[in-house]
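# I'd like to go over a predicted model; first the sequence, then the structure.
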Amino acid sequence: MINNDYELPLGTYEFIEFLHEQYPSRCLRLDEDITAHHRYAAIREFIDELKIIKSEHEEGYDDSGDD
């Protein structure tokens with residue numbers, strides 16, 4: 001699962017990239033249990049959402065509704 005030969009990143013952006021690298025997008029493997037894959041896919045979806053939030057933050061996205 002996770003490669004244990006790593007140094008834990010200190011910053012939020014670096015941690016998101018760390019998760020992205022540790023849990024790459026992938027298809028269901030032939031020998032994989034469907035429940036296990038659904039759990040993996042949920043983790044991956046969460047990471048994708050974090051990447052969107054990171055990108056919006058870097059671009060200065062403001063969701064407050066104030067103009």
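Right, received. Where do you want to start? Numbering: from 1, shown residues only.
# Spit out the contact partners of the residue nearest the centre of the chain.
The structure's the chain has its C-alpha centroid closest to Ile47; by C-alpha atoms, centre = their mean the separation is 1.8 Å. Residues near Ile47 by C-beta atoms under 8 Å, 6 or more residues apart in numbering: 16, 19-20, 23. To be clear about C-beta, it is placed using only N, CA and C from the backbone, and glycine gets the same treatment.
# Among these, find me the one that's closest to Glu32.
Nearest to Glu32 among those is Tyr23, at 14.3 Å by C-beta to C-beta.
# which residue ranges form the helices in this structure?
Here the chain has its helices, by DSSP state H, at 12-22, 34-58.
# Serialize those to a markdown table and add fields for distance to Asp5.
Shown next, in a markdown table, are those (distance: least, C-beta to C-beta, whole Å):
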| stretch | distance to Asp5 |
| --- | --- |
| helix 12-22 | 11 |
| helix 34-58 | 20 |
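# So which of the ones you listed is the most surrounded?
When the helices of the chain are scored by mean count of other C-beta atoms under 10 Å, the highest mean neighbour count falls to helix 12-22 (a mean of 14).
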